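1. Predicted model and sequence below, questions to follow.
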Amino acid sequence: MSTPQLVVHHDKELMAQAAAARLITKIVDAQASRGAASVVLTGGRNGNGLLAALAAAPARDAIDWGRLDLWWGDERFLPEGDPERNVTQAREALLDSVPLDPERVHAMPASDGPYGADVEAAAEAYAAELAKAAGPQDHGPVPAFDVLMLGVGPDTHVASLFPELPAVRETERTVVGVHGAPKPPPTRITLTLPAIRSAREVWLLAAGEDKAEAAAIALSGAGEIQAPAAGAYGRSRTLWLLDAAAASQLPRSLYPPASP
Ligand SMILES: O=C1O[C@H](COP(=O)(O)O)[C@@H](O)[C@H](O)[C@H]1O
């Protein structure tokens, strides 16, 4: 488990641009040292803001897009192409404008796909796809992603792990179906906390005043069942990327850093 590190930017635009620059560097470094890179995308406003900033960054051309695996932390279980699906929004923000290898874009199944409305079967299929991609160097049935990004919801949810719902209590499976999510749509697919923790780096994105309470709770020692964001950490690094509004309720001991 890595202790959370905080980076606070002035506003959400700057946060998105700085996070995009950070992600470009991370991907380029991973491709240089391991030949390929793997990134887990998040849905939501902050995740899509980062992808849009990446699309607008001239340095995006430093990435070898054909050697990048993209996965998702969660998905809204809706028909293919639905505007509310995280993959649809990611395609619009970035993916349709870069030369990715379609075989390396690992979208979660849609509700009109091969598993129909059976969200459990769809989750199992995604777990199998992850297990197939995991190598002997990884620590289990999930690849050691270079970066796994998570938007933080105002209720402290990350991916589709909502406070107190069964998915956040899962300790065995890597991907599960979610029923009755308090944020629409109610049916979703999500990575579990054990799968999230297999990533080398976990980045939590929180911008805006509506995220301030969630950030303060998750970073103040809350339990992961009540505050799922508190249970999201990477093997070597856990990074909270915030804007000033989202950082505004953090305990003084965390932010701003104490002066010498
Ligand atoms: O529904 C979801 O919400 C969260 C957070 O979204 P935000 O708009 O409040 O930033 C997101 O991380 C997750 O992927 C998504 O499915």
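-> Arrived safely, thanks for sending.
2. So for the spatially closest residue to residue 113 that is not a sequence neighbour, what's the pLDDT?
-> Using Cβ to Cβ, 6 or more residues apart in numbering and skipping the chain neighbours, the partner closest in space to residue 113 is residue 80 (6.6 Å). Just so you know, the C-beta spots here come from the backbone N, C-alpha and C atoms, and that holds for glycine as well. Residue 80 is assigned 98 on the pLDDT scale.
3. Over to the residue in the chain that the ligand sits nearest to: give its phi and psi.
-> Residue nearest to the ligand within the chain: residue 44 (2.3 Å; Cβ to the nearest ligand atom). Residue 44 adopts backbone torsions of phi 90, psi 170, taken as degrees, to the nearest 10.
4. now swap in residue 9 and tell me
-> Torsion angles, degrees, to the nearest 10, at residue 9: phi -100, psi 160.
5. list the contacts for it?
-> By Cβ atoms under 8 Å, 6 or more residues apart in numbering, the contact set of residue 9 is 15, 18, 241-244.
6. got TSV for the residues you listed, with secondary structure, neighbour count and distance to the ligand too?
-> Putting the contacts of residue 9 into TSV (DSSP: H, G, I helix; E, B strand; the rest coil; neighbours: other Cβ atoms under 10 Å; distance: Cβ to the nearest ligand atom, whole Å) gives the following:
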residue	secondary structure	neighbour count	distance to the ligand
15	helix	27	12
18	helix	16	17
241	strand	24	12
242	strand	27	12
243	strand	24	12
244	coil	18	17
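7. what's the farthest-apart pair in the residues you listed?
-> 18 and 244 (13.0 Å; Cβ to Cβ).
8. still on that earlier bit, for the residue nearest to residue 113, grab the count of nearby residues.
-> 13 (other Cβ atoms under 10 Å).
9. Make sure it is actually in contact with residue 112.
-> Yes - using Cβ atoms under 8 Å, residue 80 is in contact with residue 112, at 5.9 Å.
10. ok, the residue nearest to residue 193 when sequence neighbours are not counted - how many residues close by?
-> Excluding the flanking residues, the one nearest residue 193 by Cβ to Cβ, 6+ apart is residue 231, at 4.9 Å. Residue 231 is flanked by 22 other residues according to other Cβ under 10 Å.
11. same question, residue 14
-> There are 14 residues near residue 14, going by other Cβ under 10 Å.
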